[in-house]
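Asks: Got a predicted structure here, sequence first:
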Amino acid sequence: MLEIWGRPYSSNVIPVIWTAEELGLDYKLKLAGGSFGQLDTPQFGKMNPNRLIPTIRDGDFALWESHVIVRYLCAQYSPGILCPENIQQRAIADQWMEWSGSRAFTPVIQMFFATVRTEPDERVPDKVKTLAGEAAQVLAILEEHLARQPYVAGDEFTMGDIPLGAVAYRYFNVDVIRPSLPNVEAWYAKLCERPAYQKHVMRFFGTNPDEWQALERACAAEGD
Ligand SMILES: N[C@@H](CCC(=O)N[C@@H](CS)C(=O)NCC(=O)O)C(=O)O
């Protein structure tokens, strides 16, 4: 059975779990990273010498780097659907996956860490405001793109929407002032209708570090 090693609240792991769920794959989540440990074991080092999550094992095949894992799962288990057959359309999906990592992820995650991952009395409002502004500025590029089509690679949902969709949930669910981005909001609203997104991305992530750690512990207790 496919194994996904990681923590269900980790930003880079969420897109992988979401993808597996979209594809209806039978998989086992192996809790690893953070307080779950496991990354220092020889067994994990053989799968991923970087000792980072997410990492997957599909039979004898191990793979790391979240976007590459999303591509692999879509190409292997959903060719022509989530992984477009048309090379140019696939390249556009790839482009937005890379863009998610190279441009959108960092300002959104910094904004996320400056808010819900920082104790309320240690938050710096000016810093949060600056980071929220930087995130919105980058997402304005996506806003323009989505004026021409409903999903990043055309008329249908593809792997191109996955890493960005996970970033979008963080962007839209922290307590900051956001400018109106109607096309991004419409795209995000469509993602919110997807059962796999609801289950694995739209998870309450807490409002402060204590709540988040309690949620992680609850996952371990559930064997999530
Ligand atoms: N570029 C890598 C980044 C992987 C990464 O930095 N993973 C972090 C979690 S998001 C990690 O493993 N940190 C150690 C830990 O969680 O214990 C990817 O997208 O998979």
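Replies: Nice, I can see it.
Asks: Could I get the CA-only coordinates of the helix or strand hosting Ile109 as PDB?
Replies: Using DSSP states H and E, the element containing Ile109 is helix 105-114. C-alpha atoms of helix 105-114 as PDB (Å, rounded to 0.1, in the frame of the first residue of the first chain):
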ATOM      1  CA  PHE A 105       4.400  29.800  -0.400                       C
ATOM      2  CA  THR A 106       7.000  32.000   1.400                       C
ATOM      3  CA  PRO A 107       5.000  35.200   2.000                       C
ATOM      4  CA  VAL A 108       1.900  33.200   3.000                       C
ATOM      5  CA  ILE A 109       3.700  30.900   5.300                       C
ATOM      6  CA  GLN A 110       5.600  33.800   6.900                       C
ATOM      7  CA  MET A 111       2.300  35.500   7.500                       C
ATOM      8  CA  PHE A 112       0.900  32.300   8.900                       C
ATOM      9  CA  PHE A 113       3.900  31.900  11.300                       C
ATOM     10  CA  ALA A 114       3.700  35.500  12.300                       C
END
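Asks: Flag every residue of the chain that's near the ligand.
Replies: 10-12, 33-34, 39, 52-54, 65-66 (C-beta under 6 Å from any ligand atom). C-beta here means a position set from N, CA and C on the backbone, and glycine is covered the same way.
Asks: Of those residues, which is the nearest to Leu191?
Replies: Set against Leu191, the nearest of the residues of the chain next to the ligand by C-beta to C-beta is Ser11 (15.8 Å).
Asks: what residues are up against that closest one?
Replies: 105, 109, 112, 166-167, 170 (C-beta atoms under 8 Å, 6 or more residues apart in numbering).
Asks: Helix or strand for Ile56, just tell me which one.
Replies: strand 55-58.
Asks: Which strands and helices lie in contact with that strand?
Replies: strand 2-6, helix 42-47, strand 61-64, helix 66-77 (3 or more C-beta pairs under 8 Å, 6 or more residues apart in numbering; DSSP states H and E).
Asks: Dump the ones you listed to JSON lines, plus distance to Gly206.
Replies: JSON lines is the format used below for these (distance: least, C-beta to C-beta, whole Å):
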{"stretch": "strand 2-6", "distance to Gly206": "18"}
{"stretch": "helix 42-47", "distance to Gly206": "27"}
{"stretch": "strand 61-64", "distance to Gly206": "27"}
{"stretch": "helix 66-77", "distance to Gly206": "22"}
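Asks: Rebuild those as TSV, extending it with mean neighbour count.
Replies: Conversion of these to TSV gives the following (neighbours: other C-beta atoms under 10 Å):
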stretch	mean neighbour count
strand 2-6	22
helix 42-47	13
strand 61-64	16
helix 66-77	20
